[in-house]
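**Student:** give me a model of this one.
(2 chains)
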Amino acid sequence: MASQAFINGPRRRRSAASGTGGRTAALFLVPFFVVFAVAMVAPVVYSIVLSFYAQQKSGLGFGEAKTAFVGLENFVQVFQSESFVGGIARLALYCLIYIPCMVGGAVVFALLLDATVARARKLFQLLVFLPHAVPGVIAALIWAYLYTPGISPLVQVLQGGGLQINFLDAHLVLPAIVNIGVWEWTGYNVIILFTALQAVPREILEAARVDGAGEVRMALSIKFPLILPALSVIMVFTIIGTLQLFTEPSIIAKATSSVTSTWVPNLWAYDAAFIRHNLNQAAAASIIIAGLAALLSLVVTRFSSRMNKA
Amino acid sequence: MQRRKLLIGVASVASSALLLAACGTGPNPSAAPTPTEDPSGTITFWSSLAGMDKVAAAFNASQAKIKVNFETVPNGDNGGYAKLSTAITAGNGPDVATIEYPQLPQFVSNGQVQPLDGLIDKSATVDKLANEIRGMVQFGGKTYGLPYDAAPMVMYYRKDMLAKAGVGIPKTWQEFEEAGRKLKSVAPNAYLASFNPNQVAATAGLAWQAGAKWFGTSGDSWQIGVNDDATRKVADYWQKLIDNKIVKVQQAFSDEWSLDLANGTVVGVLGANWSATGIQKRTEASGQKGQWIAAEVPNWGTPASAFYGGSSFDVTKSSKNPAAAAKFIEFLATSPEAIKARGNTGSAFLAFPGLTPVAQDAYDASYFGNDIYAVFNKAYSTVSPGWQWGPNWDITNTALKDAYGKLGTGGTVQEAVDTAQTATVAGLKQTGLSVK
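**Tutor:** All right, here's what the predicted structure looks like:
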C-alpha cells in the first residue's frame, strides 16, 4: 500500500514541474520489484502451477512417474483429508483462546505502562518485551521442558501443591501451546500499542483530567478508542501469524504423541511435501492456507475500518 | 505508465525464467550409466551415522583416484529425508546417500536413486548377503543399494528388576505380560517397558515378528495388510499391556523417556542392536552398570524376530559420477577397513558376512550384564523371512503416528492400525498406484 501511494501521490503533483520524477521512482523501485518477483511472485506462481498437477504412477510404482494435469483434484483431496480439516478446526479453537488472551493482555499491559511513572516505564517496557527476544524454537524447547512430567520443576511444584497436571495430554496440550504463543507475542504487541499510545495528544488527556476523569476512565474512554487503528493492524498480523502456526507444535510433538505430525494445516503441508513427498498436494494445501489468511485479513480490515469510521 | 509496464514486464520475465529453471532441475531420466573400469573423480557422501567422516577419510587415504567429501545430515526423525529428497529433486543432492530400509522403496519409486546393476560387482557384494537383508534393497529385479547394518529387534531389561519381581527373562509374550504383572506387585510405579507412538517401525517390527505382511505384491498391484490378522493380534496384546499399565505410553528418545530409564520407572526397552549406546548414555550416571541385559524379543510360540532400523548406501539420481559412487559404496558396505575406521561408535551389527566381529572388537560392551552380541546373533538368525516395505512408508508412518495420538483420549492400538490401513490404501491410490 505504501508503494502505491508513492507511485500515485507524489508523481501526479510533480509531473507538471519535471518529467524525471517517474524515472527516479522507477530506478528506486527496481531493487524492490526484482526481489519481490524472485522471492515472492515466482514461488507463488510456481506453487499455483504445481497444485494443478500430480505425479501419477501406475502399477507397483517402480517405473517413471508421469506428471499429469489434474485440475482441482489436489484441492479436493486436501479438503477430503480428515486431518487437514481437523487441523483447521483445531486452529480455529487455538485462535479463539489465543487472540483474546494475547491481544487483551497486550492492551492491558500497554495501558498500564502508559499510566505508570516515566522511570519505571523503561524497565517494564524492556521486561515485557524480553520473551520476544527469545527465538521461537528456543522458546518452544524451553516450554516443552517445563511441560514434561517428571522433569519440569513447574509440574513438580504443582504436584507438591496437590495439583496433578499433565500439560502434554491430549486435552491440555492446545492451551499449553496457546500459552507459549501468548508468552512470546504479548510483549511485542505491547510495544506497538504503547507507541500508539504515545501519539495520543497530551492536551486531550489533560483536558480529561481537568474534567475530573480518573486513570481508568481516561484509559477506557480516550486512550483505547484512539489506539483502535493500531489494534486492527495487530489483529491482521496476529491472524496471519496464527495461521502459520508451525514451530511450537512441531517442537512439542517430539515430547508428546498428543501433537501429531499433521496437527495444524502448516504441519500438514510440511508433512505432505517433505515426508509423504507429494509436492503437488502440499502446494494445494499452502494455497488454501494463504487464501484463508487473505480472506481473514480482508474481513478484519473491513471490520476495523468500519469501526474506525463510526 | 510505460515504465511501470516495463517494470512489470521485467518482473514477469524474471519470474518465468525462475520457473523454467525450477522445471528444468527435476529428476531427469538420465542415460544408463556406463560402467567405468577405473572410476575417478570427486563425489559427495551424506550420512547421519556417527563416525562416517572417519570412514570417508580412510577411503580417501587408501587410494588416490576418488575423493569423497563427507557431509553430516540430520537423521530421518529430524528431517534428513526431507533434505535428501529435496536436494535430489533440485539436482544438487549427494552422490552417495544413507537411506533406511523402510524409506528406500519410496526413493526407488520416486526415481531418486539409481540401480547399481552394472556398477557393482554383484557376486562379491549382494550375492553374499542373507536373503532377508538382500530383499531390503532389491526391487523389481534390480539392486538399488548395498545394505550396511542389519538391525535385529531385541529387548533390553534391567536384570535386577526382573530378579526383584521374581521372574526370569520372558520367552513368550504371555510370560512378558506375567512378568509385567509381577513387577507391578513389587514395584507399583514401575513399567516393564514403554510403548512408543513415535516409533511406528517398532510396531511394524512387532507385527513382522508375529507373521504379519503389511506390504506385498500380487501381479502389478500392491496388497496392504496394516491391520491383517497377525497385526490385530499384536495390537490387542499391546492395548492390554497399556490398559494394565504394564507398559507406559511415551515418545521414545524424549526427555521423559530418558528420565524414566534413569530413575527406574521403566525397566525395559524394545529396541535393536543400536539401542545399546542410548541405554548406556541415559542410565550410566544412575549407577545401573552391569544391570542391563539384552534378550531375544518374546515370541508367539516359536522364536522369531524382525529388523528394526538399519540403513543402506545408495547412489542418487543426481550423481554425475555413479561409477565412482558405486566403488565407494562397495568399500562402505563390505570392507573391514571401513568398519575399523569408524571406530567405537556403538554396537553395530552389519549385514555383510564377517564384518560384525570387526565392529564388535571396536565396541566396549562391558556396560552390559550379558553378552549382547551373542543375543544379536541369535535374534538375527530368527528374523522372519518374507517381509517387504511399501512404496511410500511415510504415508503409513504418518497415519499410524497420528492415530497413536489418540491413545491418551480413549483411542486404541486396534483403531490406530485400522486407521493406518485405510489411510495407506487411500494415499497409495491417490498417487495412482494399483492397490488391491
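
**Student:** the stretch 1-150 of chain A against chain B: which residues are in contact?
**Tutor:** Neighbours of chain B within the stretch 1-150 of chain A, by C-beta under 8 Å from any C-beta of the partner chain: A:7, A:22-23, A:26, A:29-30, A:33-34, A:36-38, A:41-42, A:45-46, A:49, A:54-62, A:64-65, A:77, A:83, A:144-145, A:148-150. In this view, the C-beta of every residue, glycine as well, is placed from N, C-alpha and C.

**Student:** what about the helix or strand B:A379 falls within, average pLDDT?
**Tutor:** Per DSSP states H and E: B:A379 is located in helix B:372-381. For helix B:372-381, mean pLDDT rounds to 95.

**Student:** output the contacting helices and strands for that helix.
**Tutor:** In terms of contacts (3 or more C-beta pairs under 8 Å, 6 or more residues apart in numbering or on different chains; DSSP states H and E), helix B:372-381 is packed against strand B:153-158, strand B:292-296, helix B:356-362.

**Student:** check which element follows it along the chain.
**Tutor:** Next helix or strand after helix B:372-381 toward the C-terminus (DSSP H and E): helix B:393-404.

**Student:** so the helix or strand just after that next one, near chain A or not?
**Tutor:** Going down the chain from helix B:393-404, the next helix or strand is helix B:413-430, by DSSP H and E. Yes - using C-beta under 8 Å from any C-beta, helix B:413-430 reaches chain A at B:G427, B:L428, B:Q430.

**Student:** min pLDDT across those residues, which one?
**Tutor:** Across those, no position has a lower pLDDT than B:Q430, which has 84.

**Student:** mind checking which of the residues of the stretch 1-150 of chain A next to chain B are in helices?
**Tutor:** A:7, A:22-23, A:26, A:29-30, A:33-34, A:36, A:42, A:45-46, A:49, A:77, A:83, A:144-145 (DSSP state H).

**Student:** nearest residue to the residue nearest to the spatial centre of chain A other than its sequence neighbours?
**Tutor:** Centrality entry for chain A: nearest residue to the mean C-alpha point is A:G241, 1.2 Å, by C-alpha atoms, centre = their mean. Spatial nearest neighbour of A:G241, chain neighbours left out: A:W185 (7.5 Å); criterion: C-beta to C-beta, 6 or more residues apart in numbering or on different chains.

**Student:** surely that neighbour and A:F129 touch.
**Tutor:** No - checked against C-beta atoms under 8 Å, the pair A:W185 and A:F129 is beyond contact range at 10.7 Å.

**Student:** which residue of these two possesses the greater neighbour count?
**Tutor:** A count of neighbours by other C-beta atoms under 10 Å in any protein chain shown puts A:W185 above the other of A:W185 and A:F129, at 23 against 16.

**Student:** show me which of the residues of helix B:413-430 next to chain A is closest to chain A.
**Tutor:** Distance to chain A across the residues of helix B:413-430 next to chain A (C-beta to the nearest C-beta) is lowest for B:Q430, with 6.1 Å.

**Student:** in space, what's closest to the closest one - neighbours in sequence excluded?
**Tutor:** A:Q77 (6.1 Å).

**Student:** so the one you found sits against A:Q281, correct?
**Tutor:** Yes - A:Q77 lies in contact with A:Q281 (C-beta under 8 Å); the separation is 6.1 Å.

**Student:** let me know the helix or strand that B:I99 is in.
**Tutor:** Residue-wise, B:I99 maps onto strand B:96-100 under DSSP H and E.

**Student:** contacts for that strand next, please.
**Tutor:** B:43-49, B:52, B:68, B:76, B:81, B:84, B:88, B:107, B:113, B:145, B:148, B:309-316, B:319, B:325, B:328-329, B:332 (C-beta atoms under 8 Å, 6 or more residues apart in numbering or on different chains).

**Student:** buried ones in it?
**Tutor:** Residues of strand B:96-100 classed as buried by neighbour count (16 or more other C-beta atoms under 10 Å in any protein chain shown): B:V96, B:A97, B:T98, B:I99, B:E100.

**Student:** shaky segments in the chain?
**Tutor:** In the absence of a named chain, chain A is used. Where chain A drops to pLDDT under 70, the residues are A:1-20, A:117-118, A:308-310.

**Student:** wait, chain B was what I had in mind.
**Tutor:** B:1-37.

**Student:** and it, what are its domain boundaries?
**Tutor:** B:36-150+B:310-353, B:153-306+B:386-430 (automatic domain parsing).

**Student:** could you dump the ones you listed to TSV with distance to A:V157?
**Tutor:** Shown next, in TSV, are those (distance: least, C-beta to C-beta, whole Å):
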stretch	distance to A:V157
domain B:36-150+B:310-353	32
domain B:153-306+B:386-430	17
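
**Student:** now the strands for the chain?
**Tutor:** Answering for chain A, as no chain was given. Using DSSP state E, the strands of chain A run over residues A:53-56, A:66-69.

**Student:** hmm, I had chain B in mind actually
**Tutor:** With strands called from DSSP E, chain B shows them at B:41-47, B:66-72, B:96-100, B:138-139, B:142-143, B:146-147, B:153-158, B:193-195, B:215-218, B:221-224, B:247-249, B:268-272, B:292-296, B:311-315.

**Student:** mind listing what the second one pairs with, with the direction of each?
**Tutor:** The pairing partners recorded for strand B:66-72 under DSSP bridges are strand B:41-47 (parallel).

**Student:** how about the residues of the stretch 151-300 of chain A by chain B?
**Tutor:** So the stretch 151-300 of chain A meets chain B at A:151, A:169-171, A:254-262, A:271, A:273-278, A:281 (C-beta under 8 Å from any C-beta).

**Student:** inside helices: which ones of these?
**Tutor:** Per DSSP H, helices hold the following members of those: A:Q281.

**Student:** doesn't B:W389 make contact with B:G135?
**Tutor:** No - B:G135 is beyond contact range of B:W389, at 9.4 Å (criterion: C-beta under 8 Å).

**Student:** look at those two and report which has more neighbours.
**Tutor:** The neighbour count for B:G135 versus B:W389, taken as other C-beta under 10 Å, is higher for B:W389 (22 against 17).

**Student:** list the contacts for the more buried one?
**Tutor:** Neighbour list for B:W389: B:Y101, B:P102, B:L104, B:P105, B:M136, B:F215 [criterion: C-beta under 8 Å, 6+ apart].

**Student:** for B:T409, give its distance to A:C95.
**Tutor:** Computed as C-beta to C-beta, to the nearest Å, the B:T409 to A:C95 distance reads 22 Å.

**Student:** and these two? which has more neighbours close in?
**Tutor:** Comparing B:T409 with A:C95 by other C-beta under 10 Å, the one with more neighbours is A:C95, at 17 against 10.

**Student:** okay, that one and A:L292: tell me how far apart.
**Tutor:** 11 Å.

**Student:** just to revisit the earlier point, how many neighbours does the residue nearest to B:Q430 have?
**Tutor:** Neighbour tally, A:Q77, other C-beta under 10 Å: 21.

**Student:** that one and B:A285: what is the separation?
**Tutor:** 49 Å.

**Student:** B:V137 now?
**Tutor:** From B:V137 to B:A285 the distance is 39 Å (C-beta to C-beta).

**Student:** these two: which has the busier surroundings?
**Tutor:** The neighbour comparison of B:V137 against B:A285 (other C-beta under 10 Å) goes to B:V137, with 26 against 8.

**Student:** now render the residues of helix B:413-430 next to chain A as JSON lines, adding neighbour count.
**Tutor:** Converted to JSON lines, the residues of helix B:413-430 next to chain A look like this (neighbours: other C-beta atoms under 10 Å in any protein chain shown):
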{"residue": "B:G427", "neighbour count": "25"}
{"residue": "B:L428", "neighbour count": "22"}
{"residue": "B:Q430", "neighbour count": "20"}
